[in-house]
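> Give me a model of this one.
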Amino acid sequence: MTVAYTDITTLITAHTKNVRMQALAPGSIFNAAEAKLTTAILVPKDAPVRSGPRSRRENAPDVVARSTRFIDAEYLDPALIAPVIGVLVKYGIIDRAFPASELISPYALSRPG
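Sure, this is the predicted structure:
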C-alpha cells in the first residue's frame, strides 16, 4: 500500500478512471482569504532550528497567542463529498456520478469509539 496526500477532485477523477484509491483520513481546507497561523512548533532554546519560513524570528509565546486552534475531522462523511461529485458531473469534469462512500476506506467511515 502507498499512502499519499491529494485533493478531493483528484480522488474523484481518479475513481472514474478506475484508479484504485481510497481516502484513509480527512484533510483540511485552507482559505487564503482568512489565512492564519494554524501550526506552530516549540523548540528548546539551544535547538539548532531557530525559525521557520517566516522572514523574522518571533517570540514563541507570541506565536502561540496568535495561533488559531484547529481541529481536524475524526472520520469522513460521504454526504459532504457527494455534492462535489455532483458539481464535477454537472460541469463535465467527470462522466458519471457514483456513491461517495466508494471513495472512502471502511476504516475512515465511522466515528471513533
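
> Was I right to think Pro26 contacts Ala73?
Yes - at 3.8 Å, Pro26 counts as touching Ala73 under the criterion of C-beta atoms under 8 Å. Any C-beta I mention is one placed from the backbone N, CA and C, and that applies to glycine too.

> Distance of Ala82 relative to Thr6?
Taking C-beta to C-beta, to the nearest Å as the criterion, Ala82 is separated from Thr6 by 18 Å.

> same question but for Lys90, I mixed them up
Applying C-beta to C-beta, the value for Lys90 to Thr6 is 22 Å.

> Also Asp46?
In terms of C-beta to C-beta, Asp46 sits 39 Å off from Thr6.

> what's the answer for Ile94, then?
On the measure of C-beta to C-beta, Ile94 and Thr6 end up 15 Å apart.

> Can you pick out the residue with more neighbours from these two?
Between Ile94 and Thr6, counted using other C-beta atoms under 10 Å, Ile94 has the larger neighbour count: 19 against 11.

> List the contacts of the closest residue in space to Arg111 that isn't next to it in sequence.
Closest residue in space to Arg111, ignoring its immediate chain neighbours: Tyr75 at 5.4 Å, by C-beta to C-beta, 6 or more residues apart in numbering. Shown in contact with Tyr75 (C-beta atoms under 8 Å, 6 or more residues apart in numbering): Pro26, Ala108, Leu109, Ser110, Arg111, Pro112.

> so who does the third one touch?
In other words, Leu109. Contact partners of Leu109, counting by C-beta under 8 Å, 6+ apart, are Tyr75, Leu76, Pro78, Ser101.
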